[in-house]
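> test case, fold it:
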Amino acid sequence: MKTRLISAMKIYFVLLNCIHVALSGTHSLRYLYTSSSGISDFPEFVDMGMVNDQIISHYDSITKRKVPKQSWMKNVFDQQYWDGTTEDLRGAEKVFKNNIQTAQKRFNQTGGMHISQDMYGCSWDDETGFTEGFHHIGYDGQDLLVFDLKRVTWIASVPQALHSKMKWEGDPSSIESEKRYLTQDCIVWLKKYLEYGKTTLQRTVPPSVSLLQKTPSSPVTCHATGFYPRGVKVVWMKDGQDHHEDVENGEILPNDDGTFQKSTHLTVMPEEWKNNKYQCVVQVTGITEDFIKVLTESEIQTNWGVNTIGSAPIIGVVVALLLLVVVVVVVVGVVMWRKKSKKGFVPASTSDTDSENSGKGAQKI
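Sure thing, here's the model as predicted:
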């Protein structure tokens, strides 16, 4: 099981490189459809909606219910909405399970762990407007199909994806619907979400910054956690200048409370940092203040020697990594299915129950 989870984490980071996330001044809306096989104790199908990297809704094949993951989502949409979209996803779940079997046949696979994902959405910049629309379909950590907005066509990354490309492009209305959703409808609903959940989605939370070290000869880790939004810059400085030598930057990881964390590791000998001024500087999008930790013996938190106050932050990192494993299996998933049409969420005050799931058929590959 441990080996499988490590493989899933590798796939997760490959997929992250395929998308653009919300950075300074930008906002994003995206949906992740995940399907898997050969992974015990995890749902075979998951639907997840995200705004600015915050999960707003969730469905899985174990609970078989779509539920809000933000209080404002629960307040905006009524029970009729949740019941209707749940039924849509139960139908999509069946198609997804069949599609992953088809994908295995195309790749001449007879079993084992497999994870595929369908991820689409858009981003908006407060100053420049529309930034991008994206739709990626992946299988076992590699792109299968990517929608090219400029050429308004599907790009097949591997031969096994050519059948789906030709099938989907045989329906011109489907291609136009794809373009319209990514460039227009998605942006409309992104703006609505930002307004509905502005107290949560447009908030800023300062980071807690710690300097951690396992042993006197280990790298010194600058660990920033608990910040929001996701956009962050964590850098080491030496005597007032940016320092990049012997520095290793970690990934931005989610915390279970909706905030984020990031670590940057500096390999330096004690005599070096004692004779020079090393600082870790953390900058978070939307917060003008810089958060600075000066590398001194008194600032280092560790689990060796007399100073043991660092044990709590270190445990926090471990817990966060374990939580990431759970997120990994949710985020990376299977697909090779297609949408007949796409619509955004509709406020509960209307009689229409269309959503990002309803009216959008899961299509066989």
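> residue farthest from the centroid of this structure?
For the chain, the largest distance from the centre (C-alpha atoms, centre = their mean) belongs to Asn275, which lies 41.0 Å off.
> what's the separation between it and His244?
Distance from Asn275 to His244, counting by C-beta to C-beta, to the nearest Å: 19 Å. For every residue, glycine as well, the C-beta is placed using N, CA and C.
> now do His27
Relative to His244, and taking C-beta to C-beta, His27 is found at 30 Å.
> in the stretch 51-200 of the chain, which spans are strands?
Secondary structure of the stretch 51-200 of the chain (DSSP state E, counting those that start in this stretch): strands at 54-60, 67-68, 114-125, 129-139, 142-148, 153-156.
> and among the ones you listed, the most buried is which?
Neighbour counts (mean count of other C-beta atoms under 10 Å) averaged over each of the strands of the stretch 51-200 of the chain peak at strand 114-125, with a mean of 24.
> I figured Ser37 hits Asn98, correct?
No. Using C-beta atoms under 8 Å, Ser37 is not in contact with Asn98, being 11.6 Å away.
> more crowded one of the two?
Comparing Ser37 with Asn98 by other C-beta atoms under 10 Å, the one with more neighbours is Ser37, at 18 against 14.
> which residues touch the residue lying closest to the more buried one once chain neighbours are set aside?
In space, Ser37 comes closest to His114 once its chain neighbours are excluded; the distance is 5.0 Å by C-beta to C-beta, 6 or more residues apart in numbering. Neighbouring residues of His114 by C-beta atoms under 8 Å, 6 or more residues apart in numbering: Ser36, Ser37, Gly38, Ile100, Ala103, Gln104, Tyr139, Asp140, Val334.
> just for the stretch 1-150 of the chain, where's the confidence low?
Scanning the stretch 1-150 of the chain with the threshold set as pLDDT under 70 gives 1-25.
> would you map the helices across it?
2-16, 71-76, 79-106 (DSSP state H, counting those that start in this stretch).
> picking that back up, and of the strands of the stretch 51-200 of the chain, who's closest to Glu87?
strand 54-60 (10.8 Å; C-beta to C-beta).
> starting from the closest one, tell me which strands it pairs with and how they run.
Strand 54-60 pairs in its sheet with strand 45-51 (antiparallel), strand 67-68 (antiparallel), by DSSP bridges.
> of all those, which lies closest to Thr131?
strand 45-51 (14.5 Å).
> tilt between that closest one and helix 79-106?
120 degrees (axes from the mean of the first three to the mean of the last three C-alpha atoms, to 10 degrees).
> can you tell me how far the nearest residue to Tyr33 once chain neighbours are set aside is from Gln160?
Nearest non-adjacent residue to Tyr33, counting by C-beta to C-beta, 6+ apart: Asp118, 4.3 Å away. Using C-beta to C-beta, one gets 16 Å for the distance from Asp118 to Gln160.
> got it, and Gly240?
Distance from Gly240 to Gln160, by C-beta to C-beta: 54 Å.
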